[in-house]
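[1] Provided below for reference: sequence and predicted model.
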Amino acid sequence: MVWTDEVGNVIVGRNMDYHRDLGTNLWTLPRGAQRNDGVNGNLTWVSRYGSVVATAFDMISVDGLNEAGLGGHILWLAESTYGELDETRPALSQAIWLQYFLDNFATVAESVAWIEDHGVQVVQLTDPASGEVPAIHLALDDATGDSAIIEYIDGKVEVHHDRAYRVMTNSPRYEEQIALLAEVEGFGGDRPLPGTTLASDRFARAAHYVDRLPQPRTQVEAIASMFSVIRNAAQPFRLPDPGKPDASQTIWQVVVDLTRKRFIFESTSHPNVVWVDLADFDFSEGSPQLILELNAKLAIADGIAGNVSKEFEPLRELHFLTLTDIKNFAAAHATDSV
């Protein structure tokens with residue numbers, strides 16, 4: 001959910017719903033890092049912007065904010081179909097997809113222009129540990145209040161780019177979500193505001209409440225306001241729907257102040273809210289990658305809380321999952337089975 005208040009401050013909130021712990025940590029990634037597409041290495045780049053990201057299993061960026069105020073958020077979309085890899089076109093693995101935009105662009109408009117100019121593909125990966133094959137879509141937003149939702153349907157990219165597109169959730173695809181929202185009272189229809197845990201109902205509630213937030217007097221009020229909306233659209237602790245890992249409990253939440261560049265994280269199973277201000281970090285080329293190991297430090301007793309910028313440590317490098325990793329893993333386990 002993207003919210004621009006009356007004086008132009010832009011706040012974003014998201015829920016992460018999944019059927020198991022994602023081993024999420026927070027990372028700082030400096031400028032000047034050399035990366036590649038994670039597919040065939042044909043697309044390479046050096047990061048222009050530093051960023052703070054939340055990862056899954058320390059092999060994919062699933063949420064983040066860069067120095068320029070560009071934010072990105074990956075969610076599950078079961079309808080995603082990416083098509084067969086075309087070696088003549090640039091491609092990005094799912095693991096590096098979000099990070100490419102955080103590394104290279106300052107605004108949503110720049111990001112969308114690159115997608116449209118290059119016809120980039122996204123290549124689906126298999127989680128080597130679980131065998132799950134993620135189906136995901138991406139939301140981008142920036143400090144100007146611009147927003148875009150990027151989906152791959154029937155092998156083709158669909159970009160929904162408009163400041164009016166302020167909410168994204170799971171199934172169905174975005175154009176169908178907009179059509180369903182038009183049936184709800186206040187958005188053109190006569191259906192009462194729905195209250196179930198269906199993604200389309202949560203979409204409607206998020207769109208309803210984010211449009212009715214009062215003007216905050218402080219940044220803390222603005223952040224609390226966004227938390228109030230994403231909690232309303234969260235999933236309670238529950239057994240996942242069969243075959244639908246997105247239809248599971250909310251395991252963590254993020255609120256991002258794109259204007260002041262503050263990244264706030266809350267686990268639903270630990271009591272402490274933590275945040276970082278990007279101004280507190282050195283993102284210059286050559287500075288180390290830093291990690292905040294959340295599972296170790298978000299303890300019930302004596303756990304960290306508040307501004308945790310000083311808790312980040314240079315323990316290791318973040319490695320984005322690649323097709324080569326998956327092939328090597330499969331080969332190693334095939335040998336083991338023999």
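    That came in fine, so what should we check first?

[2] can you give me the strands in the stretch 201-338 of the chain?
    In the stretch 201-338 of the chain, the strands defined using DSSP state E, counting those that start in this stretch lie at 250-257, 262-267, 273-277, 290-292, 306-307.

[3] nearest to residue 323, of the ones you listed?
    For residue 323, the closest of those is strand 290-292, at 24.4 Å, according to C-beta to C-beta. In this view, the C-beta of every residue, glycine as well, is placed from N, C-alpha and C.

[4] closest to residue 181 out of the strands of the stretch 201-338 of the chain?
    With C-beta to C-beta as the measure, strand 250-257 is the member of those nearest residue 181 (21.1 Å).

[5] middle-most residue in the chain, spatially?
    By C-alpha atoms, centre = their mean, the mean C-alpha position of the chain lies nearest to residue 73, the distance being 2.1 Å.

[6] what secondary structure does that residue sit in?
    Under DSSP: H, G, I helix; E, B strand; the rest coil, residue 73 falls in the strand class.

[7] pipe the strands of the stretch 201-338 of the chain into a markdown table and attach mean neighbour count per row.
    What follows is the strands of the stretch 201-338 of the chain, written out as a markdown table (neighbours: other C-beta atoms under 10 Å):
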| stretch | mean neighbour count |
| --- | --- |
| strand 250-257 | 24 |
| strand 262-267 | 21 |
| strand 273-277 | 19 |
| strand 290-292 | 21 |
| strand 306-307 | 11 |
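
[8] make a markdown table out of these and add distance to residue 65 and mean pLDDT.
    Below are those laid out as a markdown table (distance: least, C-beta to C-beta, whole Å; pLDDT from 0 to 100):
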| stretch | distance to residue 65 | mean pLDDT |
| --- | --- | --- |
| strand 250-257 | 5 | 97 |
| strand 262-267 | 5 | 97 |
| strand 273-277 | 9 | 97 |
| strand 290-292 | 14 | 98 |
| strand 306-307 | 15 | 96 |
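
[9] can I get the ones you listed in CSV with distance to residue 188?
    Listed next are the strands of the stretch 201-338 of the chain as CSV, based on distance: least, C-beta to C-beta, whole Å:
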stretch, distance to residue 188
strand 250-257, 29
strand 262-267, 33
strand 273-277, 36
strand 290-292, 44
strand 306-307, 43
